[in-house]
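model the following, please.
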Amino acid sequence: MRRRAAVLCAAAAVLAGSVATAPARATQPAAAAGLGWKKCGTDDYPTLQCASLKVPLDHANPAGRTITLALSRVPHTAPTSQGPLLVNPGGPGGSGLKLAGFVASALPRSVAAQYDVIGFDPRGVGKSTPALDCVPGHFRPVRADTVPATPALERAGLTRARTFAEACVRKYADVLPYMDTVSTVRDLDAVRRALGAPRISYFGYSYGTYLGAVYAKLYPERVRRLVLDSVVDPTGVWYGDNLGQDYAFDSRHRALMAWIARYDATYRLGRDPAKVEAEWYAMRAALAKKPAGGRVGASELEDTFIPGGYYDGYWPRLAAAFAAYVHDGNTAPLVEAYDDFGAVDRSGDNGYSVYTAVQCRDTSWARHWDRWRTDTWAVYRKAPFMAWNNAWYNAPCAFWPATALKPVDIANTALPPTLLFQATDDAATPYPGGVTAHRLLARSSLVVEEGGGNHGITLSGNACLDRHLAAYLKDGTLPHGTGVADAVCAKSPDPKPLTKKAVVAPSAGSTLHRLLGHRR
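Below you'll find the model as predicted:
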């Protein structure tokens, strides 16, 4: 699934109105009198403010039941404002309240000062109400092995997926028909109106790129600037995209094995990546029989290492835990890594419930399990690392009750110039998806991180990428190239093994990836 930038060449939802040419500098928007912003600063983001907004559950019935969205803001400080910049971390199901503080602090001060950076918890998420939680503790360890090597294991997986879907129906039957990307887009426009802004700028990561592209499709004349980082393939929503992830995560896991082999002097797991990989699968087999600390079985081991496919900053911790288990039978580092990277807490239960509700509603999924079984075994034979874990993660959609919608064709010729970012080795949103979106969004520019494998690449320590982001947000400046990529940046350096005396300080990359979370 990974192709290099140098060689890769590259219905509709209701379209509202038309759009002008490239946006001019916005004036101060009208005051948003109804939001009632209050201080809610933290030690990390002391200027953060919070508010809430009621929106219709069903935007086709604006006089009907309402739900509440939680909002955050870092106000502009420059004399002239460029208006609101809405930010979203992806998911679906990710909370964006703290992301506003992060983006405002990570952008150059002169750029951030020109925007009201607006975060939000989408419908169903976090501090928005109602907040979904279909099955509290759904990922509580130890789960059955994800690989259904026996009929009993497959039955267990199917029962678990069906039970989750049924629980969602029992608890949220009145809400599920309105948990979808288009409804969230309507919410975004309600936020725009509440802010008193004729147009918004938008900056989304991961699934947030699809959310932003759909907003742009429905409301192109209301988009001022649009930044999409780690772009979802809009033609694969959502079954095809998940199969594509399986191959890409397997490649990224092998990249981790190769990195461990490169540092054999530290980890002593072998200099041959294939040997290291064999050791990893041997560890997996052992944990399937005897979970580490009674908590980390084969499925939890996958949960622990999947985040390494999103962000290579986790590699040193994962490698050290792997080595400690193999050499000394020491399970403590592995359990600690699971707690930090793989375990699902209450907010994770909420995020998964929203993820499932939106993905299962957005598009039709195969209703016959034979299709899932055939496709997943075919993937597993070539790319075993995440194939079945990912299949079971999405399997409730095989039993979902809400009538499915159709994916939005994001093709758009009415937008102002738009900026896309994509890493060539991204596992969660593989590179071809960014190229496809670039082709579909007229007047877009694509900036590629050549050889990069992280998911979410701006404001993560790569100065080249961040210069393009800052220039665009400052005055609309975009790169224009002659190939598929309009600009290419070198990848961020690989991590180094940790030393025993190392004090690991939070980095921009680690902070961002904690906010983005996992699973798109």
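
what sits against residue 192?
84, 199-200, 222 (C-beta atoms under 8 Å, 6 or more residues apart in numbering). From N, CA and C alone the C-beta is placed, and that goes for glycine too.

just residue 397 next, same as before
Residue 397 touches 165, 238, 356, 359-360, 365, counting by C-beta under 8 Å, 6+ apart.

weed out the non-buried ones from those residues.
For those, a burial check counting by 16 or more other C-beta atoms under 10 Å picks out 165, 238, 356, 359-360, 365.

pull up the distance across stretch 95-114, start to finish.
Using C-alpha to C-alpha, to the nearest Å, one end of stretch 95-114 lies 24 Å from the other.

what values do phi and psi take at residue 134?
Here is the backbone geometry of residue 134 (degrees, to the nearest 10): phi -70, psi -50.

how many residues are close by the closest residue to it other than its chain neighbours?
Closest residue to residue 134 apart from its sequence neighbours, by C-beta to C-beta, 6 or more residues apart in numbering: residue 168 at 4.0 Å. The number of residues packed around residue 168, counting by other C-beta atoms under 10 Å, is 26.

gap between residue 168 and residue 124?
Taking C-beta to C-beta, to the nearest Å as the measure, residue 168 falls 11 Å from residue 124.

what's the answer for residue 349, then?
12 Å.

now swap in residue 380 and tell me
32 Å.

neighbour count for the two, which is higher?
It is residue 124, of residue 380 and residue 124, that has more neighbours when counted by other C-beta under 10 Å, with 29 against 18.

now do the SS call for that one.
coil (DSSP: H, G, I helix; E, B strand; the rest coil).

and it, backbone torsions?
As for residue 124, its main-chain torsions (degrees, to the nearest 10) stand at phi 90, psi -10.

same check, this time on residue 68
Torsion angles, degrees, to the nearest 10, at residue 68: phi -120, psi 130.

what pLDDT does the model give the residue with the largest distance to the centre of the chain?
Most distant residue from the mean C-alpha position of the chain: residue 328, 35.6 Å away (C-alpha atoms, centre = their mean). According to the per-residue confidence, residue 328 scores 97 in pLDDT.

buried ones in stretch 229-246?
By 16+ other C-beta under 10 Å, the buried positions in stretch 229-246 come out as 229-234, 236-239, 241-246.

which of those fall in strands?
residue 229 (DSSP state E).

filter the buried residues of stretch 229-246 down to the ones in helices?
239, 241-246 (DSSP state H).

just put the residues you listed in JSON lines and tack on pLDDT and distance to residue 153.
JSON lines is the format used below for those (pLDDT from 0 to 100; distance: C-beta to C-beta, whole Å):
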{"residue": "239", "pLDDT": "96", "distance to residue 153": "22"}
{"residue": "241", "pLDDT": "96", "distance to residue 153": "26"}
{"residue": "242", "pLDDT": "96", "distance to residue 153": "20"}
{"residue": "243", "pLDDT": "97", "distance to residue 153": "21"}
{"residue": "244", "pLDDT": "97", "distance to residue 153": "25"}
{"residue": "245", "pLDDT": "97", "distance to residue 153": "22"}
{"residue": "246", "pLDDT": "98", "distance to residue 153": "19"}
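
mind listing the strands for the stretch 151-300 of the chain?
Counting by DSSP state E, counting those that start in this stretch, the stretch 151-300 of the chain has these strands, from start to end: 200-205, 223-229.

kindly report the same for the stretch 1-150 of the chain.
Under DSSP E, counting those that start in this stretch, the stretch 1-150 of the chain gives strands at 38-39, 49-56, 66-74, 84-88, 116-121.

would TSV of these with mean pLDDT be doable?
Shown next, in TSV, are those (pLDDT from 0 to 100):
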stretch	mean pLDDT
strand 38-39	97
strand 49-56	98
strand 66-74	98
strand 84-88	98
strand 116-121	98
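
any weak-confidence spans in the stretch 1-150 of the chain?
Along the stretch 1-150 of the chain, the parts satisfying pLDDT under 70 run over 1-33.

farthest pair within the buried ones among the contacts of residue 397?
Spatial extent of the buried ones among the contacts of residue 397 (C-beta to C-beta) is set by the pair 165 and 238 at 15.4 Å.

give me the number of residues near residue 506?
Look at residue 506: counted by other C-beta under 10 Å, it has 9 neighbours.

and it, how close does it get to residue 496?
From residue 506 to residue 496 the distance is 17 Å (C-beta to C-beta).

can you check the pLDDT for residue 519?
61.

burial of the closest residue to residue 334 other than its chain neighbours, as a residue count?
For residue 334, ignoring the flanking residues on the chain, the nearest one in space by C-beta to C-beta, 6+ apart is residue 321 at 4.4 Å. Residues lying near residue 321 (other C-beta under 10 Å) number 27.

among the strands of the stretch 151-300 of the chain, which is nearest residue 514?
Taking C-beta to C-beta, strand 200-205 is the member of the strands of the stretch 151-300 of the chain nearest to residue 514, at 12.7 Å.

residue 369 contacts residue 398, doesn't it?
Yes. If you go by C-beta atoms under 8 Å, residue 369 and residue 398 touch, sitting 6.1 Å apart.

looking at these two, which has the bigger crowd around it?
Neighbours were tallied for residue 369 and for residue 398 using other C-beta under 10 Å; the higher tally belongs to residue 398 (19 against 16).

hang on, the more buried one in a strand?
No. Remark: residue 398 does not belong to a strand; assigned using three-state DSSP, it is helix.

for it, what are its contacts?
161, 365-367, 369, 372.

check it and give its pLDDT.
97.

what of residue 366?
92.

which of the helices or strands spans it?
Assigned by DSSP states H and E, residue 366 belongs to no helix or strand.

ok, it touching residue 372?
Yes. Counting by C-beta under 8 Å, residue 366 touches residue 372, with 6.0 Å between them.

so between the two, which is more surrounded?
Neighbour count, other C-beta under 10 Å: between residue 366 and residue 372, residue 372 has more, with 21 against 13.

Three-state assignment for the more buried one, please.
Strictly by three-state DSSP, residue 372 counts as helix.

ok, it - contacts?
With C-beta under 8 Å, 6+ apart, residue 372 has these contacts: 366, 391, 395, 398.

what's the closest of these to residue 420?
Closest to residue 420 out of those is residue 391 (29.0 Å), distances taken as C-beta to C-beta.

so that closest one is in which element?
helix 387-394.

ok, so what distance separates residue 488 from residue 237?
From residue 488 to residue 237 the distance is 27 Å (C-beta to C-beta).

just the C-alphas of stretch 188-197, formatted as CSV.
What follows is stretch 188-197, C-alpha atoms only, in CSV (Å, rounded to 0.1, in the frame of the first residue of the first chain):
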residue,chain,number,x,y,z
LEU,A,188,-19.9,22.6,12.4
ASP,A,189,-21.9,25.1,10.4
ALA,A,190,-24.1,25.7,13.5
VAL,A,191,-20.8,26.5,15.3
ARG,A,192,-19.9,28.9,12.5
ARG,A,193,-23.2,30.7,12.9
ALA,A,194,-22.8,30.9,16.7
LEU,A,195,-19.4,32.4,16.2
GLY,A,196,-20.8,35.1,14.0
ALA,A,197,-18.3,34.2,11.2
